[in-house]
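J.: just to be clear, the model below is a prediction. Sequence and coordinates:
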Amino acid sequence: MSAVLAAETTTHPDRHQQLPQRALVVDDDPFCREILRDALRSTGYQVIEAANGSQAVELFLSERPDMLFIDTSMPVLGGREAVRRIRENSTSRFVPVIFLTDSSDEETLVRCIEAGGDDFITKPLSSRILLAKIHAMQRVQRLNDRLNTLYGQMKKDEELAESIFSRAVVAANVAMDRVQTLLQPADVFSGDVLLSAYAPSGDLNMILGDFTGHGLVAALGGLPASEVFRAMTGKGFAPEQILAGINRKLHELMPTGMFFAVQFISISHTLDQLVVCNCGMPDILLLDRNGVVKRRFASRGLPLSITTDVDFRDAIERCRIERGDRVMLISDGVVEARNPARDYFGQGRLQQALEEARGQDNAIGHIAERLAGFCQDAPQDDDISLVEVPCLPGILPHWDPHSLPEASTVREEMELDDAMEFSLTLTGKRLRDADPVPMVIGQLQEIEGHTNRRLLFTILTELYVNALDHGLLQLDSSLKSGPDGFSRYFEERERRLRQLQDGFISIRVRSRLSSHGGRVLIQVEDSGDGFDPSPYTAGATLNHDRPSGRGILLLQELCEEVRFEPPGNKVDVLFSWTRGDG
């Protein structure tokens, strides 16, 4: 036997062999204690003895043994009750409990296991069986120690990963102090991702996305998604282009079968227009200031990462909003949450909770209460996310995208070798797919370094939209009037874009720097018929609440000079900025 024990020790070198182990032996029969003591000492254990269950509880908690052998039937306190008390008061450290019993009937053995036992030996004791049981429990202990070590390392890795994830994905979000959220992951990491960022125009873009599954693997997709989202939003790309960029990146990186369902919203800086794209998620809700549902936006597109080339323009919806409206984003974990009876929370209960919350300031909190009351202590199957965004000035950036720059210090003479010029022309079908504004802004930033990117973005956007929408597509801004005006306008815009076969828009940029700032001359020309700009240049004033006719007046407010050349399809604007304007 000693050879076997030596081999066992050599094969499994760990703390059980390096440190003397202690075993607690509990039996009112001294002869049984003697047999156990001899067997345990032969395997290197120090032995502690007790004669009843009460002593066993006291010694176990004070001496912290590594293994426990205990008789089922003893005076003062029986073995099963003693083990129950020990399990209730001991730490999470695994200590094998082996019951000693005179009976081998099934009911007795089941009660031993239910009391907290890990194994049992029937009397009379066999030295051979006893040693085999000890070795078996040692193997279990080693596996348990290894499991605890791996689990501890996993928790440290998760804490580090969560810290990195928070800094890379969550910390960069904007307007979160004004947004109500319920973010309840089913694991340490959530497969639901909430992203927000400001466009150069001051629009607020936000994504609530749901990766396949949950946990760390699902959350990893949030890193590339957030990187593309923020980079393209910051450069001023349109929602459909941002989604296309995220889709391409995820399709390149994500494994087959893992996809990203998305709710995308963009709230205009004027708080009068909402752009929505729902790809594989529950309905996005638009509520009025009292919490009444004004409109639902159902899914109109496939989740991202399924296929490479997706035209998200067909999935985009637009509508007018009013100050005080609220936009609610909802993940499928809300409606698919289950109670102990495995019933779903469902759309019906969600709608009822919304109706109950009408007029309340914290609708998310009320829905959370109803959800918690329904689910009770049932295990959470999926990540739960609810987001309510108020359409109020508080969600907008602290900087004003239309604030006028200081121009007084840039009117000095500038050296000719400080000048830079480039041009860009889009023709035919390229006008349907390309957005030149971020490209021009990026080129200016690349060459000139510091410019007032936000105002330049607004100016270029107004110039390009005016050339495309009104010059080439011949759209009438009056289409935007009425509750469904924005939807009608952009539906007609998409229809005419698809039919566009020829024509051009040319953008020419000339920039000069000084020690204090710079000046940019932008010329935009289109192949359209032109128009009469006089109604917008003869003393008209800008009204930000008007749904149409603001573009030219805004340009006049932001630029030093705005000059149209007959027949109105060519415009030059001069814009100045000082360093420090942002």
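T.: Nice, thanks for sending it over.
J.: only C-alpha atoms for contact and neighbour calcs from this point on.
T.: Fine.
J.: run the chain-centre distance for the helix or strand hosting residue 510.
T.: Taking DSSP states H and E as the definition, residue 510 sits inside strand 504-513. Here strand 504-513 is found 39 Å from its chain centre; the criterion is CA atoms, centre = their mean, to the nearest Å.
J.: ditto for stretch 227-244
T.: The answer for stretch 227-244 is 16 Å, by CA atoms, centre = their mean.
J.: can you give the contact residues for the strand or helix carrying residue 62?
T.: According to DSSP H and E, residue 62 maps onto helix 53-63. With CA atoms under 8 Å, 6 or more residues apart in numbering as the contact definition, helix 53-63 has outside contacts at 24, 26, 50, 74-79, 81-83, 85-86, 89-90.
J.: in helices, which of the residues you listed appear?
T.: Within the contacts of helix 53-63, residues falling in helices by DSSP state H are 79, 81-83, 85-86, 89.
J.: pick out the most distant pair among the residues you listed.
T.: Farthest-apart pair in those is 79 and 89; separation 15.5 Å (CA to CA).
J.: of those two, give the one with the bigger neighbour count.
T.: Comparing residue 79 with residue 89 by neighbour count (other CA atoms under 10 Å), the higher total belongs to residue 79, at 28 against 12.
J.: pretty sure that one sits against residue 69.
T.: No - counting by CA atoms under 8 Å, residue 79 does not reach residue 69; the two are 9.6 Å apart.
J.: which residues do these two both contact?
T.: With CA under 8 Å, 6+ apart, residue 79 and residue 69 have common neighbours residue 99.
J.: quick one, longest helix in this structure?
T.: helix 127-165.
J.: counting by contacts, list what the helix or strand that it is followed by packs against.
T.: Using DSSP H and E, the helix or strand that follows helix 127-165 in sequence is strand 180-184. Applying 3 or more CA pairs under 8 Å, 6 or more residues apart in numbering; DSSP states H and E, we find strand 180-184 packed against helix 363-375, strand 384-390.
J.: which of these is buried the deepest?
T.: strand 384-390 (a mean of 22; mean count of other CA atoms under 10 Å).
J.: so the next helix or strand after it versus strand 504-513, what angle?
T.: Scanning forward in sequence from strand 384-390 by DSSP H and E, the next helix or strand is strand 419-427. Counting by axes from the mean of the first three to the mean of the last three CA atoms, to 10 degrees, strand 419-427 lies at 170 degrees to strand 504-513.
J.: now do strand 419-427, average pLDDT.
T.: Average pLDDT, strand 419-427: 87.
J.: can you point out the buried residues in that strand?
T.: Applying a neighbour-count criterion of 16 or more other CA atoms under 10 Å, one finds 419, 426-427 buried in strand 419-427.
J.: what's the answer for stretch 156-167, then?
T.: Buried residues in stretch 156-167, counting neighbours by 16+ other CA under 10 Å, are found at 158, 162, 165.
J.: gap between the first one and residue 217?
T.: Put plainly, it is residue 158. Per CA to CA, to the nearest Å, residue 158 is found 11 Å from residue 217.
J.: partner strands of the next helix or strand after the helix holding residue 62, parallel or antiparallel?
T.: Remark: after helix 53-63, the chain's next helix or strand is strand 67-71, criterion DSSP H and E. Applying DSSP bridges, strand 67-71 is found paired with strand 21-26 (parallel), strand 97-101 (parallel).
J.: quick one: strand 67-71 to helix 53-63, angle?
T.: 170 degrees.
J.: give me the contact list for strand 67-71.
T.: Residues contacting strand 67-71 (CA under 8 Å, 6+ apart): 22-28, 78-79, 95-101.
J.: that'll do, ta.
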